[in-house]
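Student: what shape does this take:
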Amino acid sequence: GIPVIFVTLPSNLKDYPPLGGDHDDAAHVAYDLGMKLLGENDVNGAYEAFRRAADLDSHPVRAFSAYNSIIKEISAYKGAGLADAQGAFIKASGGIPGDDLFLDHVHFRSNGAAIVASEVLQAMAGMELIPESSLPEMERGVNAARDGLTPHQEAKALYGAAYESYRYLNKTDRAKRLLEEALETYPGFHEAKRLLEMILEEGS
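Tutor: Next up, the predicted model:
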């Protein structure tokens, strides 16, 4: 008797090249095509190419596109709620989700987390679990929670993504960028400083 809400799975498509394989494999070729089409302002074509690149990645760290199709089908079949976070991310990013909403391949920035929260609230209202009239106040609560994050909290999220990118995903350049952003956000973050110094020493 407990209501269920399924949430689709957004992924960083535009700013996260395939993790596995090499530059000549199908996934990288698709990603390069996406970049070319994006440069030509063909957003729809670029999205399809980026989506194909993620699906073909030989080291898949993002949800396959089929997963979201299954989520939507099961949600409809079971009469459950659906929060289409994937669709909301596409809309919020102007067509192709990227680093504007993600720290890495799938972990959200605070603005991305707020989008998911908003979609879940709207799904709850659609299921009459909360009154629709309460949505504006609850949306304000979501935004207030995000605005209430301290620089240290924001920097910790950046550090966590940097650590994973460096230790487990072999994304040293991304780790450096995230750590630099963390230190800009909270200059007193000693762990971020130490990890950045270690990465720079290894690369020298």
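Student: how about residues contacting stretch 20-38?
Tutor: Residues outside stretch 20-38 that contact it (CB atoms under 8 Å, 6 or more residues apart in numbering): 13-14, 17-18, 45-50, 52-54, 56-60, 96. Just so you know, the C-beta spots here come from the backbone N, C-alpha and C atoms, and that holds for glycine as well.
Student: looking at those residues, which are in helices?
Tutor: Residues of the contacts of stretch 20-38 located in helices (DSSP state H): 45-50, 52-54, 56.
Student: for this structure, just list every one of the strands.
Tutor: Listed from the start of the chain, the chain has strands (DSSP state E) covering 5-7, 81-83.
Student: give the rounded mean pLDDT of the last one.
Tutor: Mean pLDDT, computed over strand 81-83, is 98.
Student: one more: stretch 123-133?
Tutor: If you average the pLDDT over stretch 123-133, you get 96.
Student: please apply the same query to stretch 95-114.
Tutor: When pLDDT is averaged along stretch 95-114, the result is 97.
Student: just how off-centre is it within its chain?
Tutor: When distances are taken as CA atoms, centre = their mean, to the nearest Å, stretch 95-114 is centred 3 Å away from the chain's centroid.
Student: got the buried residues for that stretch?
Tutor: 96-110, 112-114 (16 or more other CB atoms under 10 Å).
Student: also stretch 17-31?
Tutor: 17-19, 25, 27-31.
Student: next: stretch 110-130.
Tutor: Within stretch 110-130, the residues that qualify as buried are 110, 112-125, counting by 16+ other CB under 10 Å.
Student: looking at those, spot the one nearest Leu196.
Tutor: Closest approach to Leu196 among the buried residues of stretch 110-130 (CB to CB): Ser110, at 21.5 Å.
Student: now that closest one, nearest residue through space, not along the chain?
Tutor: Closest residue to Ser110 apart from its sequence neighbours, by CB to CB, 6 or more residues apart in numbering: Arg146 at 5.0 Å.
Student: so which of the buried residues of stretch 95-114 belong to helices?
Tutor: The helices, defined by DSSP H, take in 110, 112-114 from the buried residues of stretch 95-114.
Student: which of the residues you listed sits closest to Phe89?
Tutor: The closest of those, once distances to Phe89 are taken by CB to CB, is Gly112, at 6.9 Å.
Student: confirm for me that Glu181 is in contact with Leu158.
Tutor: Yes - taking CB atoms under 8 Å as the definition, Glu181 is a contact partner of Leu158 at 5.4 Å.
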